[in-house]
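Participant: Predicted coordinates and the sequence they were generated for:
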Amino acid sequence: MGVVWARQPCTPYQVRREFLDSPSPYWSGSAGAIYPLVVRLEKSGLVRSEAHATGSRRSRRYRLTPAGRRAIRHWMGPPVADEVVGVPPDPLRARLALLMRYPPARQRTYLDETVRRMAEMIAHAREAEAGARGDVFTLRMSRGAIAMMETRLEWVRALRRATGKSP
């Protein structure tokens, strides 16, 4: 709903592109996820659609309804929930907490691979940011994702530098 609201009017394909271009591996941009979801939102009265055609291609463009805007306001808060501002579930942090159980050579190998993969993810996010020029919504989201990933990367690099050193 948030993507529809930010981009309205928009097609399900535009919503799908938002998720496909996201640096987050947690969002599915598959057609099988997005298109049925938009239909469910419309059946729930949270979005409405209108016929739209570009050349011979027909589609539907969606907008939030007043009920959809109320749902977004409720979801946004205030009050702002602890799970919104607190530390989110983090599979990397959970793994790194257990890393001390491995021998130093294995720790270094794991951290080296983690640094390499994180750098790849940052490069992907920068590509998405480069394609977002002029699109303020996507640009802001890309910059936020990049800042978070760069901070996490520096944290992992610090752990790597400390590997094998006495606490």
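Facilitator: Ah, there it is. Numbers count the residues shown, from 1 in each chain.

Participant: Using the three-state scheme, assign the residue nearest to the spatial centre of the chain.
Facilitator: By C-alpha atoms, centre = their mean, the mean C-alpha position of the chain lies nearest to Ser24, the distance being 4.0 Å. Assigned with DSSP: H, G, I helix; E, B strand; the rest coil, Ser24 falls in the coil class.

Participant: doesn't Ile146 make contact with it?
Facilitator: No. With contact defined as C-beta atoms under 8 Å, Ser24 does not reach Ile146; the gap is 11.8 Å. No exception for glycine: its C-beta is placed from N, CA and C like everyone else's.

Participant: Output the contacting helices and strands for the helix or strand hosting Pro36.
Facilitator: Pro36 belongs to helix 31-43 when elements are defined using DSSP states H and E. In terms of contacts (3 or more C-beta pairs under 8 Å, 6 or more residues apart in numbering; DSSP states H and E), helix 31-43 is packed against helix 12-20, strand 47-54, strand 57-64.

Participant: List the buried residues of that helix.
Facilitator: With burial defined by 16 or more other C-beta atoms under 10 Å, the residues of helix 31-43 counted as buried are 34, 38, 41-42.

Participant: of the residues you listed, closest to Arg160?
Facilitator: Checking the buried residues of helix 31-43 against Arg160 by C-beta to C-beta gives Ile34 as the nearest, at 37.8 Å.

Participant: okay, now the residue lying closest to that closest one once chain neighbours are set aside: neighbour count?
Facilitator: Counting by C-beta to C-beta, 6 or more residues apart in numbering, Arg16 is the residue found nearest to Ile34 once chain neighbours are left out, at 4.4 Å. Number of residues near Arg16 (other C-beta atoms under 10 Å) recorded here: 20.

Participant: change the start of the numbering to 4 and stick with it
Facilitator: With 4 as the first residue, the last one maps to Arg19.

Participant: per-residue confidence for Arg19?
Facilitator: Listed pLDDT for Arg19 reads 91.

Participant: how close does it sit to His77?
Facilitator: Using C-beta to C-beta, to the nearest Å, we find Arg19 at a distance of 25 Å from His77.

Participant: again, but for Val88
Facilitator: Taken as C-beta to C-beta, the span from Val88 to His77 is 17 Å.
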